[in-house]
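Visitor: build me a structure from this.
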Amino acid sequence: MRAIHQILCGAMLTALVSLPLLAQDATSPTAIPPAPVAAAPDNGVSATTETPSTPAGVPVLTREDVGAWLDGFLPYALANGDIAGAVVVVVKDGQVLVQKGYGYADLAKRTPVDPDATLFRPGSVSKLFTWTAVMQLVQAGKLDLDADVNQYIDFKIPARDGKPVTLRQVMTHTTGMEEQIRGLITAKQDEITSLGDALKHWTPERIHVPGATPAYSNYATALAGYIVERVSGQSFDDYLDGHIFKPLGMNHSSFRQPLAPALLEGMSKGYSKASEGEPKDYEFISLSPAGSLAATGSDMARFMIAHLQDGAFGDARILDAATAEKMHSTGQASVGPLNRMMLGFYETTVNGHRAISHGGDTQWFHSDLQLFLDDGIGLFVSMNSSGRDGATGHIRYALSRGFADRYLPGTPAKPVGVSKEDATVHAAQLAGTYTSSRRPDTNFVSLANLLGPIKVVANEDGTISVTAAMGVGGAPKKWREIAPYVWQDTSSTDRLAADVVDGKVTRFSMEPYAPIMVFERLSAWRALSMPLLVASLAVLLLTVIAWPVSALVRRYYGVRYALDGIDARAHRLVRIGALLSLLATAAALGLVVGMLSKLEMTSPGSDGLIIAMRLFATVALPLGAGIAVWNAWHVLRGRRKWLAKLWALLLALACLFLLWIGFAHHVIGFGANY
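Guide: A predicted model of the protein is given here:
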């Protein structure tokens, strides 16, 4: 069970926060550390930003310097991370400064990555094209960011607290929708459904107050793409071809599934690890506006330049200047002073330089796009392998931070003090168990929330640590308070902040996750659910194991079975009941862990397995609990030894708790919507 717990703790910020989603790890690589950054000082001074200045001796961003810097960074980082290939592009002042391919697009054929010809899958960076299309229609007066989206679609999304879903909520990930992963990715083309059908199959519940709580949503993004279809009168693919790709000359880019043969020839293979050498199947995504783009590095350069130039690329324009500025600078606050969610972009301001970005992941491709708006600089990287030990997240973080620290350094702001006494009190207030706002809640995959809570610990030195935020070497980062209820990572400029209501911390977030999710405090009962689950499974497992063991021991020593009559019947039946409850719970947990570990299991092809698991649980969990309660009632009334009575009571409580888990986490029931 400890192994399952460790897997799921990571799953909440990886698998659930993955394909095709943000995966910007707040860590630096062990192989090649980024350039030094201003760390949170021990005396509690602030590291918040002022207008940046360029200190003397800072390298100038030139083609020669950045090319040499990349050549010194990426080849070793890719080799150390077991990654087959990557493409990286740097643009500045409307020009491509550098575009380079590293490693291989096809290991078997030893085909090198070509930034002009090799297509990569940018994952959720795709969303920026969907948001750009939405803003084009807003600019044309065909869409209203604050109108009820039901007026644009042919099915109904229910209101929450009287508040409808709006495109502004969609673009800032504040619709309140729970996580939805069914059909997110598959290797089988025949499992892809049309965008409209995929959206209508099941609408996620709105579990948060609209407009107030960020919770990243692929479903909501795909809904925006469907609205583009409905309002424009074109398919989503046709609209992007005509209104974004063609004006920008992005001739090697497409959302279409499958890719056109001419583009498929240039498509990089995807790998788990370069050392394994086995290419993976092309990944198909039903919610295509959320992550199905395939594009070359040079095409992505054109898109970055257009956004850096307020919608213009050469003589073409995809947005007018006012609309582009609105898209880049309209922020939705998360917690405290942390980076915000713009209209589709994450705010990732660093060293005082205003920046917006988006990350993206499929199972095999991992990407990041950064725009330093006031500096006219863009950076894009994409890798074609997952690599080892989260290498792609480490590399992306180190690349973007190392780039900023080298070419866009800033001057630390004046310090703001926090006394040691206040720091100790605030750390104690923050300490506790939390769950991500980005989570499944009304379906059986909500078991992931139970198994993978986020814990905040107050350290003896006045810092705090968060289980989900790991630093170099795999140890939790340490965060030091720099202002009331604002902490900074002691080894970087990332910040963490908390919301306090009536003297109690209700939620917190941390960079770089702040724009898209917060972590909400669990009640004491919910926080105890994981330990109680482990204890319950242990009781059942020991009961089941004791069944054959005791029989073998009796046979070996020639000892007669001591019970008879109803006592013997209850003893045998309760073991069957324990086995049923154990199997039902193990099947549900195993399926959730498997699905989050291998997202292809979320395809419609798994529906039969899910329905069978839930039907078995619907029968087994109540039956097991009923037998266990009956057995406890009989044993407690009889003349059995006190140890037998205690165990019967523990067994009944364990089965009842698993029954509660079955109801509370929607394991009991029918259907395969999640």
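Visitor: so for Ala38, what's the pLDDT?
Guide: pLDDT for Ala38: 35.
Visitor: what of the one 3 residues further on?
Guide: Looking at Pro41, its pLDDT is 35.
Visitor: next one: Ala56
Guide: pLDDT for Ala56: 64.
Visitor: please apply the same query to Thr48.
Guide: Thr48 is assigned a pLDDT of 35 by the prediction.
Visitor: now swap in the one 4 residues further on and tell me
Guide: Per-residue confidence for Pro52 comes out at a pLDDT of 47.
Visitor: pretty sure Gly376 contacts Asp310?
Guide: No: using Cβ atoms under 8 Å, Gly376 is not in contact with Asp310, being 10.8 Å away. (Each C-beta comes from the backbone N, C-alpha and C, glycine too.)
Visitor: mind checking how far Leu649 is from Thr175?
Guide: Distance check for Leu649 against Thr175: by Cβ to Cβ, to the nearest Å, it reads 46 Å.
Visitor: between these two, tell me which one has more neighbours.
Guide: Here Leu649 and Thr175 are set side by side on neighbour count (other Cβ atoms under 10 Å), and the busier one is Thr175, at 30 against 17.
Visitor: in the longest strand anywhere in the chain, which residues are buried?
Guide: Longest strand in the chain by number of residues (criterion: DSSP state E): strand 95-106. Using 16 or more other Cβ atoms under 10 Å as the test for burial, strand 95-106 gives 96-106.
Visitor: do the same with stretch 379-388
Guide: Residues of stretch 379-388 classed as buried: 379-387 (neighbour count, 16+ other Cβ under 10 Å).
Visitor: and what of stretch 542-561?
Guide: Applying a neighbour-count criterion of 16+ other Cβ under 10 Å, one finds 543-544, 547 buried in stretch 542-561.
Visitor: dump those residues into a markdown table; add distance to Thr349 and secondary structure as well.
Guide: A markdown table is the format used below for the buried residues of stretch 542-561 (distance: Cβ to Cβ, whole Å; DSSP: H, G, I helix; E, B strand; the rest coil):
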| residue | distance to Thr349 | secondary structure |
| --- | --- | --- |
| Thr543 | 56 | helix |
| Val544 | 55 | helix |
| Trp547 | 61 | helix |
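Visitor: by pLDDT, give me the weakest of the residues you listed.
Guide: The member of the buried residues of stretch 542-561 with the lowest pLDDT is Trp547, at 84.
Visitor: and the nearest residue to Gln99 once chain neighbours are set aside, how many residues sit next to it?
Guide: Spatial nearest neighbour of Gln99, chain neighbours left out: Pro115 (4.0 Å); criterion: Cβ to Cβ, 6 or more residues apart in numbering. Counted with other Cβ under 10 Å, the neighbours of Pro115 add up to 22.
Visitor: let me see the contact set for Pro115.
Guide: Residues near Pro115 by Cβ atoms under 8 Å, 6 or more residues apart in numbering: 87, 89, 99-101, 296-298.
Visitor: mind listing the helices for the stretch 451-600 of the chain?
Guide: According to DSSP state H, counting those that start in this stretch, the stretch 451-600 of the chain carries its helices in the segments 524-527, 529-557, 565-597.
Visitor: ah, wrong one, I meant the stretch 301-450 of the chain
Guide: Applying DSSP H, counting those that start in this stretch to the stretch 301-450 of the chain gives helices spanning 321-329, 391-407, 420-430, 447-451.
Visitor: any idea how many residues pack against Ala79?
Guide: By other Cβ under 10 Å, 13 other residues sit near Ala79.
Visitor: could you say which helix or strand holds it?
Guide: Ala79 belongs to helix 63-81 when elements are defined using DSSP states H and E.
Visitor: the following helix or strand past that helix pairs with which strands?
Guide: Remark: after helix 63-81, the chain's next helix or strand is strand 85-92, criterion DSSP H and E. Sheet pairing for strand 85-92, assigned by DSSP bridges, gives strand 95-106 (antiparallel), strand 377-383 (antiparallel).
Visitor: Throw the ones you listed into a markdown table and include mean pLDDT, thanks.
Guide: Rendered in a markdown table, the data for the strands paired with strand 85-92 read as follows (pLDDT from 0 to 100):
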| stretch | mean pLDDT |
| --- | --- |
| strand 95-106 | 97 |
| strand 377-383 | 98 |
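Visitor: closest to Ala140 out of those?
Guide: strand 377-383 (25.9 Å; Cβ to Cβ).
Visitor: now for the helix holding Ala79, which elements pack on it?
Guide: When contacts are defined as 3 or more Cβ pairs under 8 Å, 6 or more residues apart in numbering; DSSP states H and E, helix 63-81 packs onto strand 85-92, strand 95-106, helix 391-407.
Visitor: number of nearby residues for the nearest residue to Gln429 once chain neighbours are set aside?
Guide: Spatial nearest neighbour of Gln429, chain neighbours left out: Val505 (5.0 Å); criterion: Cβ to Cβ, 6+ apart. If you count neighbours by other Cβ under 10 Å, Val505 ends up with 19.
Visitor: and if you look at Asn150?
Guide: Asn150 has 14 nearby residues by other Cβ under 10 Å.
Visitor: confirm it sits in a helix?
Guide: Yes: Asn150: assigned to a helix according to DSSP: H, G, I helix; E, B strand; the rest coil.
Visitor: and the gap between it and Leu650?
Guide: Note on Asn150: its distance to Leu650, by Cβ to Cβ, is 52 Å.
Visitor: let me see the contact set for Arg302.
Guide: If you count contacts by Cβ under 8 Å, 6+ apart, Arg302 has them with 248-250, 313.
Visitor: can you give me the distance of Ile576 to Ala260?
Guide: Separation of Ile576 from Ala260 (Cβ to Cβ): 58 Å.
Visitor: tell me which of those two has more neighbours.
Guide: Ile576 (14 against 9).
Visitor: from what I see, the more buried one and Ile627 are in contact.
Guide: Yes: in this structure, Ile576 is within contact of Ile627 by Cβ under 8 Å, at 7.1 Å.
Visitor: just the buried residues of stretch 565-574, please?
Guide: The neighbour-count check on stretch 565-574 (16+ other Cβ under 10 Å) flags 567, 570-571, 574 as buried.
Visitor: now do stretch 82-93
Guide: So for stretch 82-93, counting by 16+ other Cβ under 10 Å, buried means 82-92.
Visitor: can you lay out those as CSV showing distance to Ala427 and pLDDT?
Guide: Shown next, in CSV, are these (distance: Cβ to Cβ, whole Å; pLDDT from 0 to 100):
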residue, distance to Ala427, pLDDT
Asp82, 38, 97
Ile83, 38, 98
Ala84, 43, 98
Gly85, 44, 98
Ala86, 39, 98
Val87, 43, 98
Val88, 39, 98
Val89, 42, 98
Val90, 40, 98
Val91, 42, 98
Lys92, 42, 97
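Visitor: and the pLDDT at the closest residue to Thr543 other than its chain neighbours?
Guide: Of all residues not flanking Thr543 in the chain, Ala578 sits nearest, at 4.4 Å (Cβ to Cβ, 6+ apart). We have a pLDDT of 95 for Ala578.
Visitor: quick one: contacts for Ala578?
Guide: In this structure, Ala578 makes contact with 540, 543-544, 624, 628, 651, 655, judged by Cβ under 8 Å, 6+ apart.
Visitor: just the helices in the stretch 101-250 of the chain please.
Guide: Ranges of helices in the stretch 101-250 of the chain, per DSSP H, counting those that start in this stretch, are 127-139, 167-171, 195-201, 218-232, 236-240, 246-248.
Visitor: for the third one, what is the distance to the chain centroid?
Guide: This points to helix 195-201. Helix 195-201 sits 22 Å away from the centroid of its parent chain (Cα atoms, centre = their mean, to the nearest Å).
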